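Student: Return a 3D structure for these sequence lines:
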Amino acid sequence: MNHSLLLLDAFAAHPGDPVSRALSGVLESAAAGCLPRFAQWLGLPPGEFRDMLDTWFPGAASAGWEPDAPPADLATLPCEFGDIVEMLWDGRSQGAGGSHVRWAAHALACGCFGRTHLWQDMGLSGRDDVSRLLRQTFEPVFLANNTDMKWKKFFYHRVCERLDLHPCPEPSCDGCDQFAHCHGAEIRMAVPAVVAVLPVGKAV
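Tutor: The predicted structure follows:
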């Protein structure tokens with residue numbers, strides 16, 4: 001049974017770290033029903049999810065913290081979930097790699113399936129928290145948003161640029177009271193390409 005974010009944060013190996021806050025915030029938001037059930041596992045295979053939990057929140061599992069939902073069949077995840085994860089992985093900061101980057105990408109991608117602002121659906125305190133995570137871990141993605149587009153919308157537009165999809169589908173933001181402000185007419189952005197170093201599945 002999920003015993004709440006308070007217990008999860010109590011076991012945080014790196015309290016206050018942007019990745020740690022993103023992981024715990026998404027897990028709590030998913031447990032509260034603000035994100036799809038697959039987000040309770042970050043869209044990860046069960047074994048890798050437990051590796052994440054033991055790495056970032058050592059002792060939480062043995063104390064009884066676990067998702068309320070059963071693991072999702074990864075083949076049933078929305079196709080854009082994998083596209084967002086891959087886009088972020090390809091846009092990771094120079095020298096950044098390893099599982100913590102992959103897990104941060106999964107947390108951000110899960111947050112995109114909420115119905116309000118990305119920072120709210122990730123259980124964070126404000127947009128600056130998302131920006132801080134991106135600047136630290138996915139700096140090329142952070143720098144590419146040179147028109148200050150809302151992050152969730154920017155992720156979708158960046159994926160569409162990579163896949164040459166036009167028109168680009170909009171993220172699920174219809175529960176937000178600022179929907180009209182964020183999704184009005186915009187000048188199409190020219191997003192610089194980011195060269196992939198490793199496919200997302202090869203993270204170690």
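Student: what about L118, neighbour count?
Tutor: Neighbour count of L118, defined by other C-beta atoms under 10 Å: 22. All C-beta spots, glycine's among them, are computed from the backbone N, C-alpha and C.
Student: Over to the one 3 residues further on?
Tutor: Residues near D121, counting by other C-beta under 10 Å, number 26.
Student: can you check P18 too?
Tutor: 19.
Student: what's the helix or strand for the residue nearest to the spatial centre of the chain?
Tutor: In the chain, the residue lying closest to the centroid (C-alpha atoms, centre = their mean) is L108, at 1.0 Å. Applying DSSP states H and E as the criterion places L108 in helix 99-111.
Student: Using CSV, write out every CA atom in the helix or strand just after that helix.
Tutor: Sequence-wise, the next helix or strand downstream of helix 99-111 (DSSP H and E) is helix 118-121. Provided in CSV are the C-alpha atoms of helix 118-121 (Å, rounded to 0.1, in the frame of the first residue of the first chain):
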residue,chain,number,x,y,z
LEU,A,118,3.0,20.2,-15.9
TRP,A,119,4.4,21.3,-12.5
GLN,A,120,1.1,20.8,-10.8
ASP,A,121,0.6,17.3,-12.3
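Student: and helix 118-121, what does it pack onto?
Tutor: If you count contacts as 3 or more C-beta pairs under 8 Å, 6 or more residues apart in numbering; DSSP states H and E, helix 118-121 packs onto helix 99-111, helix 127-137, helix 151-163.
Student: rerun at 6 Å
Tutor: helix 127-137 (3 or more C-beta pairs under 6 Å, 6 or more residues apart in numbering; DSSP states H and E).
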